[in-house]
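Asker: only geometry, no sequence info:
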């Protein structure tokens, strides 16, 4: 009964050959546990990641309210800012505020995603689910990688729904390769924020504290070019807003959607496309090692 | 299910060391668990129980010493150890959002059973742990006892050689506790070796054939449950007097029926001693004190408690972690405090 993943294990005679006598926890195993498939480490790593992703998506399926919450907020934001705030907003250099706002909203939703990541990670680590995974013969890195892939899949759904809402409100981007590139840049930003989320999720003591991250995230999204062009802000604040990584992604996607409104003259604003690619690299280089180190610290 | 290296021990630890900052969570801890038995690991909070289990189940790296599980070195071959162990308890949990079946199928796939076998195994374990009726309900709706049974089932997916049960019944009502105990007994009958940590002497008494007592990171006793109880000395008669001047009278009255030297606590005005002839000893002491006109606050028989074992073995009562060590300012990983 102890033969597992052992290459030389002979094929068992099958489940039916064992005695079916007795039930209860100590009863003999009917399911054949010998002769388990032998595959490469890479195969199992991918399979493990797939199973963790499946778990993450099953969570959403079993808790439709969570999906409603997570998707409802972006839709509400698009509607509120588009109609309520948008009526009073002006874009420097002219142009439709909607064209300015929508890409910013997409970037903001990607940015807030790190709170979701952190919340889910802190749940798993405080409830002991991560320890259960770590006590199993699966690849430990699959726990984190599976979280990341799940969050990117959810981000795709969020973006799709927001874009449909924006289209319904009259937003008209160019439907070309630039559109796909913009979609990719938004996911690229979300990818970088996974590591901040994992790092924070392993750092904060409980899920309630993870919810408090919103208070930190909110100003960080406001001081950017998401809602207001930096050149309309006081000089120093405008400078900070322009250098906010979210501003680069927002400005770059405005260009790619074919609606390059509200851009500034500073170097960083002139190189939005470049920086929308670079910023996530920088964030990943900083926070991926931090997240990995924090995950390794679980073994200390 | 002999999965060891032939020496008859499923778990062996020699001189395990683990430090968190200045605090020594384990300080030369030794353990030997025979194959096919339930071995209890008892100790007060902070004694190092959980740290020992986390090291043996490969969750935490050791700083010194050597440990083998199912004949495999935990530091050198953690992955192989993981395919031979199950872990259940306060820190290893099931997924609360998924259903019982989804949990077991997921764990089965992560144990690399493959999809078809994972489904079969899940159905089999649900049946075995009497969870079939609730199989497709969310674990969030389960009772405490059902959740622990699912937890046990998840640990049994690969029919592990060694099962670590870390305080499996903490927080359960008596009925659920009984259910978990039944499951553990059945597993051992099926050949699994169990290392059980608990704060309840009664739990260890009922399940374990051998008990190791751990205190301040070290094994301070290793014996059968009866052997341990004998070191405490069985039942004691205890008298609390109203007036300090009466303590000598009480000592004399107790000494007449006692098996050993009575002990007196001057501050609590308490006198107690071990006895064998329990009821007669109690009436005898009560009558003597009444005849002598000694005012008695309280009198009674006391069974040995876990506290008594520690008092006898360590010379101090159970105390909160960190009291005699440096203040707990050293950084401690989440959930890893012993």
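Answerer: Great, that's in hand. Every value quoted in this text rests on a predicted model; they were computed, and no experiment measured them.
Asker: can you pull out the residues in contact with stretch B:270-278?
Answerer: B:233-241, B:247, B:250-251, B:254-255, B:257-265, B:281-282, B:301-302 (CB atoms under 8 Å, 6 or more residues apart in numbering or on different chains). The way it works is simple: take the backbone N, C-alpha and C, and place the C-beta from them, glycine included.
Asker: now it: mean pLDDT?
Answerer: Averaging pLDDT along stretch B:270-278 yields 85.
Asker: buried ones in that stretch?
Answerer: B:270, B:271, B:272, B:273, B:274, B:275 (16 or more other CB atoms under 10 Å in any protein chain shown).
Asker: between these, which sits nearest chain A?
Answerer: residue B:274 (38.9 Å; CB to the nearest CB).
Asker: who's that closest one bridged to?
Answerer: residue B:236 (DSSP bridges).
Asker: just checking, next helix/strand downstream of the worst-scoring helix or strand of chain A on mean pLDDT?
Answerer: Using mean pLDDT, DSSP states H and E, the weakest-scoring helix or strand in chain A turns out to be helix A:64-79, at a mean of 81. Later in the chain than helix A:64-79, the nearest helix or strand by DSSP states H and E is helix A:97-127.
Asker: now the angle from that following helix to helix A:64-79?
Answerer: 150 degrees (axes from the mean of the first three to the mean of the last three CA atoms, to 10 degrees).
Asker: just checking, what packs against helix A:97-127?
Answerer: Counting contacts by 3 or more CB pairs under 8 Å, 6 or more residues apart in numbering or on different chains; DSSP states H and E, helix A:97-127 packs against helix A:64-79, helix A:129-134, helix A:141-168, helix A:177-203, helix A:207-211, helix A:213-222, helix A:245-256.
Asker: among the contacts of stretch B:270-278, which are in helices?
Answerer: Cross-referencing these against helices under DSSP state H gives B:247, B:250, B:251, B:254, B:255, B:281, B:282.
Asker: redo the residues you listed as JSON lines? Include pLDDT and distance to residue A:145.
Answerer: Formatted as JSON lines, the ones in helices among the contacts of stretch B:270-278 follow (pLDDT from 0 to 100; distance: CB to CB, whole Å):
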{"residue": "B:247", "pLDDT": "91", "distance to residue A:145": "69"}
{"residue": "B:250", "pLDDT": "91", "distance to residue A:145": "69"}
{"residue": "B:251", "pLDDT": "91", "distance to residue A:145": "70"}
{"residue": "B:254", "pLDDT": "90", "distance to residue A:145": "68"}
{"residue": "B:255", "pLDDT": "89", "distance to residue A:145": "71"}
{"residue": "B:281", "pLDDT": "87", "distance to residue A:145": "67"}
{"residue": "B:282", "pLDDT": "88", "distance to residue A:145": "66"}
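Asker: excluding covalently adjacent residues, which one is nearest to residue A:112?
Answerer: residue A:217 (5.9 Å; CB to CB, 6 or more residues apart in numbering or on different chains).
Asker: what does the model give the one you found for pLDDT?
Answerer: At residue A:217, pLDDT is 87.
Asker: and residue B:158, that's in a helix?
Answerer: No. Assigned with DSSP: H, G, I helix; E, B strand; the rest coil, residue B:158 falls outside any helix and is coil.
Asker: mark which of the contacts of stretch B:270-278 are buried, thanks.
Answerer: Going by neighbour count (16+ other CB under 10 Å), the contacts of stretch B:270-278 have B:233, B:235-241, B:247, B:250-251, B:254, B:257-258, B:262, B:264, B:281-282 buried.
Asker: does chain A sit close to stretch B:72-86?
Answerer: Yes. Stretch B:72-86 reaches chain A (CB under 8 Å from any CB of the partner chain) through B:79, B:80, B:82, B:83, B:84, B:85.
Asker: quick check: the residue of the stretch 51-200 of chain A found nearest chain B vs residue B:224, distance?
Answerer: Closest residue of the stretch 51-200 of chain A to chain B, CB to the nearest CB: residue A:128 (3.6 Å). Distance of residue A:128 to residue B:224, given as CB to CB, to the nearest Å: 32 Å.
Asker: which residue lies nearest the spatial centre of the chain?
Answerer: Using chain A. residue A:151 (3.7 Å; CA atoms, centre = their mean).
Asker: my bad, chain B
Answerer: residue B:198 (2.0 Å).
Asker: up against chain B, what does the stretch 201-300 of chain A have?
Answerer: So the stretch 201-300 of chain A meets chain B at A:202, A:205, A:297, A:298, A:299, A:300 (CB under 8 Å from any CB).
Asker: what about the first one, neighbour count?
Answerer: For residue A:202, the number of neighbouring residues by other CB atoms under 10 Å in any protein chain shown comes to 23.
Asker: that one contacts residue A:296, doesn't it?
Answerer: No. Contact criterion CB atoms under 8 Å: residue A:202 and residue A:296 do not qualify, at 10.1 Å.
Asker: between these two, what contacts are shared?
Answerer: In contact with both residue A:202 and residue A:296: no residue, using CB under 8 Å, 6+ apart.
Asker: what pLDDT is listed against residue B:259?
Answerer: At residue B:259, pLDDT is 82.
Asker: can you pull the contacts of it?
Answerer: B:233, B:273, B:274, B:275, B:276.
Asker: now with 10 Å, please.
Answerer: The contact partners of residue B:259, by CB atoms under 10 Å, 6 or more residues apart in numbering or on different chains, come to B:233, B:234, B:235, B:236, B:273, B:274, B:275, B:276, B:277, B:281.
Asker: how close does it sit to residue B:125?
Answerer: 50 Å.
Asker: with residue A:177 instead?
Answerer: Going from residue A:177 to residue B:125 by CB to CB gives 51 Å.
Asker: what is the burial count for the residue nearest to residue A:27 when sequence neighbours are not counted?
Answerer: In space, and not counting its chain neighbours, residue A:27 is closest to residue B:128: 5.9 Å by CB to CB, 6+ apart. Residues contacting residue B:128 under the criterion other CB under 10 Å number 25.
Asker: from what I can see residue B:128 touches residue A:29, true?
Answerer: Yes. The pair residue B:128 and residue A:29 passes the contact test of CB atoms under 10 Å, sitting 9.4 Å apart.
Asker: report how many residues lie close to residue B:63.
Answerer: With other CB under 10 Å as criterion, residue B:63 counts 15.
Asker: now do the one 5 residues further on
Answerer: Residue B:68 has 22 neighbours, counted by other CB under 10 Å.
Asker: torsion angles phi and psi at residue B:9?
Answerer: phi -110, psi 130 (degrees, to the nearest 10).
Asker: the one 10 residues further on too?
Answerer: Here is the backbone geometry of residue B:19 (degrees, to the nearest 10): phi -120, psi 140.
Asker: with the one 10 residues further on instead?
Answerer: Main-chain torsions, residue B:29, degrees, to the nearest 10: phi -90, psi 130.
Asker: tell me who's in contact with it.
Answerer: B:13-18, B:41, B:47-49, B:51-52, B:55, B:62, B:65, B:67, B:212, B:214, B:217-219.
Asker: among the residues you listed, which ones are in strands?
Answerer: B:13-18, B:41, B:65, B:67, B:212, B:214, B:218-219 (DSSP state E).
Asker: which among those gets closest to residue B:175?
Answerer: residue B:41 (24.9 Å; CB to CB).
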